[in-house]
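Trainee: task: produce atomic coordinates for the following.
(chains A and B)
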Amino acid sequence: RKEVEQDPGPFNVPEGATVAFNCTYSNSASQSFFWYRQDCRKEPKLLMSVYSSGNEDGRFTAQLNRASQYISLLIRDSKLSDSATYLCVVLDSNYQLIWGAGTKLIIKP
Amino acid sequence: EAEVAQSPRYKITEKSQAVAFWCDPISGHATLYWYRQILGQGPELLVQFQDESVVDDSQLPKDRFSAERLKGVDSTLKIQPAELGDSAMYLCASSLVLGSGDGETQYFGPGTRLLVL
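Mentor: All right, here's what the predicted structure looks like:
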């Protein structure tokens, strides 16, 4: 089993819809969690950190479920510009950053 | 806004040749990472530096890859000899200090896209 797993997609979603995807992690002692966004042939960029209490930034909401060992990302009122690959990153108990392979999102007009 | 610099942006080489990539992290960032990313996959950590010291190079193919950060600032990643399977994007990232909350945020450079023929 991979340490960090994501559904590779692609998720094909109409513009304006709400979309959510999860990322599961295997190390229960993992400390910090992040969502990064990566556009095609570009470098990853931090989208948001994921806090225990959950956090929201505009149309984006991130949640952490420690009991089930997953984090989620919810995008509301999706825009064409949200099309990208969303990468989940977990900082484990050894301070190693473990990256998921990413979920590809395609927003269609 | 401060950025991570990388050069070259693109590199085409023949197998068995040597290649080198350079990275200049954001000023003040103690932690520097080199990643390799194959199309359709997530970044794979090759080496992590804390200042000038290597803290993790467990995934670095040491028979052909080497990395250094002599003065704890900029860094060089070298491949010698290059193989066809080394074709990938090589990303450099930096962060303030690992394990310090917001300091864990990694900032990436634009990457070096390597093609080995």
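
Trainee: use CA for all of it now, contacts and neighbours both
Mentor: Fine.

Trainee: next to chain A, which bits of chain B? Give me the list.
Mentor: B:40-44, B:91, B:98-99, B:101, B:105-111 (Cα under 8 Å from any Cα of the partner chain).

Trainee: neighbour-wise, which of these leads?
Mentor: Of all these, the highest neighbour tally under other Cα atoms under 10 Å in any protein chain shown goes to B:Gly111, namely 30 neighbours.

Trainee: gap between stretch B:23-39 and the chain center?
Mentor: 5 Å (Cα atoms, centre = their mean, to the nearest Å).

Trainee: let me redo that: stretch B:1-17
Mentor: How far stretch B:1-17 lies from its chain's middle: 10 Å, per Cα atoms, centre = their mean.

Trainee: what do you get for stretch B:42-62?
Mentor: Worked out by Cα atoms, centre = their mean, stretch B:42-62 lies 8 Å from the chain centre.

Trainee: rewinding a little: what is the nearest of the residues of chain B next to chain A to chain A?
Mentor: Comparing those against chain A with Cα to the nearest Cα places B:Gly42 closest, at 3.9 Å.

Trainee: how about the contacts made by the nearest residue to the closest one once chain neighbours are set aside?
Mentor: Distance criterion Cα to Cα, 6 or more residues apart in numbering or on different chains; nearest residue to B:Gly42, sequence neighbours excluded, is A:Ala101 at 3.9 Å. Under the criterion of Cα atoms under 8 Å, 6 or more residues apart in numbering or on different chains, the neighbours of A:Ala101 are A:5-6, A:8, A:87-88, B:40-43.

Trainee: you'd agree A:Ala101 is in a strand?
Mentor: No. Read with DSSP: H, G, I helix; E, B strand; the rest coil, A:Ala101 is coil and lies in no strand.

Trainee: mind checking pLDDT for the residue of chain A found nearest chain B?
Mentor: Residue of chain A nearest chain B, by Cα to the nearest Cα: A:Ala101 (3.9 Å). pLDDT, A:Ala101: 93.

Trainee: one step back: is it possible to export the contacts of A:Ala101 to a markdown table including pLDDT?
Mentor: Listed next are the contacts of A:Ala101 as a markdown table, based on pLDDT from 0 to 100:
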| residue | pLDDT |
| --- | --- |
| A:Glu5 | 94 |
| A:Gln6 | 95 |
| A:Pro8 | 93 |
| A:Leu87 | 96 |
| A:Cys88 | 95 |
| B:Gly40 | 84 |
| B:Gln41 | 88 |
| B:Gly42 | 90 |
| B:Pro43 | 92 |
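
Trainee: the residues you listed in strands, which ones?
Mentor: Among those, the members found in strands (DSSP state E) are A:5-6, A:87-88.

Trainee: ok, which of those also contact chain B?
Mentor: A:Leu87.

Trainee: and the ones in strands among the contacts of A:Ala101, which two are the farthest apart?
Mentor: Greatest spatial distance among those (Cα to Cα): A:Glu5 and A:Leu87, at 10.0 Å.

Trainee: what residues are shared contacts of these two?
Mentor: With Cα under 8 Å, 6+ apart, A:Glu5 and A:Leu87 have common neighbours A:100-101.
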